[in-house]
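Enquirer: Give me the fold of what follows.
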Amino acid sequence: SSSSGSGSSKPKTTTKPQDNITAIALDKEVATMVVADTLELIPYLEPFEVETQINWTSSDSDIAYVNSEGIVVASSKGTATITAKTPNNLMATCFIAVSEPESGSLTIDYPGTVINSGTYENVTIGVDVGEGDVTFNDVTITGTLTINGGGSASIHFNGNSHAKDVVVSKASGERPRFLMNNASSVTNFNVSGNSGAILEKGQNATGKVIKVEASKPLTIKNAQIPQIDTSSELELDNVEVTEVTTTGESTINLKGETKLDKLQAEAKTIINAESTGSIIEEISTANSEVETGEYSQVGSIIASGNA
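Expert: Predicted structure coming up:
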């Protein structure tokens with residue numbers, strides 16, 4: 001939800017300080033918000049015609065933080081005070097009380113949103129996030145995290161965050177980059193949107209992804225994955241995989257020091273490698289065509305039927 005006052009009363013901001021301001025007030029002194037909501041606070045100055053730059057601060061940015069435009073984002077349950085300060089040290093405040101949603105689920109529509117702690121059933125990153133970023137710190141999602149927005153700037157999954165299912169269904173634009181840090185973990189990671197996705201583990205990340213399914217292009221970097229099912233383009237960059245199954249026509253690009261224990265080819269599969277640093281220990285196929293490129297290192301091939 002959002003709130004705004006009369007546009008004609010909102011002061012223009014400028015980098016030129018003004019010391020002739022005699023008063024400042026905000027359009028709200030108290031506001032209630034739900035986690036992931038945004039609220040625009042409108043400052044009113046006297047004299048009315050004055051232009052200045054407002055310095056915005058929050059008493060607890062883990063609960064609610066504010067940007068340079070006076071947009072407040074609710075990050076976690078609790079209370080915080082937002083302060084607007086003029087160059088000549090006049091101040092106005094708004095007390096913010098943040099609650100968790102009654103539904104138990106969140107919709108994130110503002111780029112740059114940070115969610116801190118909490119357990120939610122389902123979370124949706126909306127298309128309005130565009131190519132922006134979203135950060136989760138120690139958040140548990142017991143159902144599905146649906147990604148319809150976000151770009152290469154990343155969806156940061158930090159701390160002990162966990163999601164049962166992540167579904168990347170963004171329809172167009174940059175590939176959303178899902179960056180797993182610390183001990184964050186995901187049970188099932190699914191890519192179904194035309195934008196595809198990037199799944200990456202940060203340096204020293206210890207969390208796990210149990211299964212990946214991708215019907216659209218997916219790049220995986222610096223991860224250990226037990227099972228990947230793909231029917232599209234799959235790029236593996238410094239990845240260790242127990243088994244990849246191609247359930248539809250697929251191209252697999254191997255980069256860095258990638259190790260694949262077994263490739264189960266159930267459809268036409270093309271394998272490319274940029275160097276000899278990657279290896280596939282075993283390829284198993286029945287009635288499917290498998291093409292390997294110049295640098296593709298394959299241990300053994302088990303073929304049956306018309307393969």
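
Enquirer: In contact with the one residue sitting closest to the centre of the chain: list those residues for me.
Expert: With distances taken as Cα atoms, centre = their mean, the residue of the chain nearest its centroid is residue 155 (1.7 Å). Residues near residue 155 by Cβ atoms under 8 Å, 6 or more residues apart in numbering: 125, 133, 134, 135, 136, 147, 176, 177, 178, 179. The way it works is simple: take the backbone N, C-alpha and C, and place the C-beta from them, glycine included.

Enquirer: Narrow those to just the buried residues.
Expert: Taking 16 or more other Cβ atoms under 10 Å as the criterion, what is buried in these is 125, 133, 134, 135, 136, 147, 176, 177, 178, 179.

Enquirer: still on that earlier bit, just the ones of the contacts of residue 155 in strands?
Expert: 125, 134, 135, 136, 147, 177, 178, 179 (DSSP state E).

Enquirer: which among these gets closest to residue 56?
Expert: Residue 56 has its nearest neighbour among the ones in strands among the contacts of residue 155 in residue 135, at 19.4 Å by Cβ to Cβ.

Enquirer: What distance do you get for the closest residue to residue 140 other than its chain neighbours to residue 102?
Expert: Closest residue in space to residue 140, ignoring its immediate chain neighbours: residue 119 at 4.3 Å, by Cβ to Cβ, 6 or more residues apart in numbering. Computed as Cβ to Cβ, to the nearest Å, the residue 119 to residue 102 distance reads 14 Å.

Enquirer: Which one of these two is surrounded by more residues?
Expert: Per other Cβ atoms under 10 Å, whichever of residue 119 and residue 102 has more neighbours is residue 119, with 11 against 7.

Enquirer: just to revisit the earlier point, the residue nearest to residue 140: what's it in contact with?
Expert: Taking Cβ under 8 Å, 6+ apart as the criterion, residue 119 is in contact with 139, 140, 141, 142.

Enquirer: Please, which helix or strand holds residue 143?
Expert: In this structure, residue 143 sits in strand 140-147 according to DSSP states H and E.

Enquirer: want to throw the contacts of residue 155 into a markdown table with pLDDT and distance to residue 221?
Expert: Below are the contacts of residue 155 laid out as a markdown table (pLDDT from 0 to 100; distance: Cβ to Cβ, whole Å):
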| residue | pLDDT | distance to residue 221 |
| --- | --- | --- |
| 125 | 98 | 20 |
| 133 | 96 | 17 |
| 134 | 98 | 19 |
| 135 | 98 | 19 |
| 136 | 98 | 19 |
| 147 | 98 | 17 |
| 176 | 97 | 14 |
| 177 | 97 | 9 |
| 178 | 98 | 10 |
| 179 | 98 | 9 |
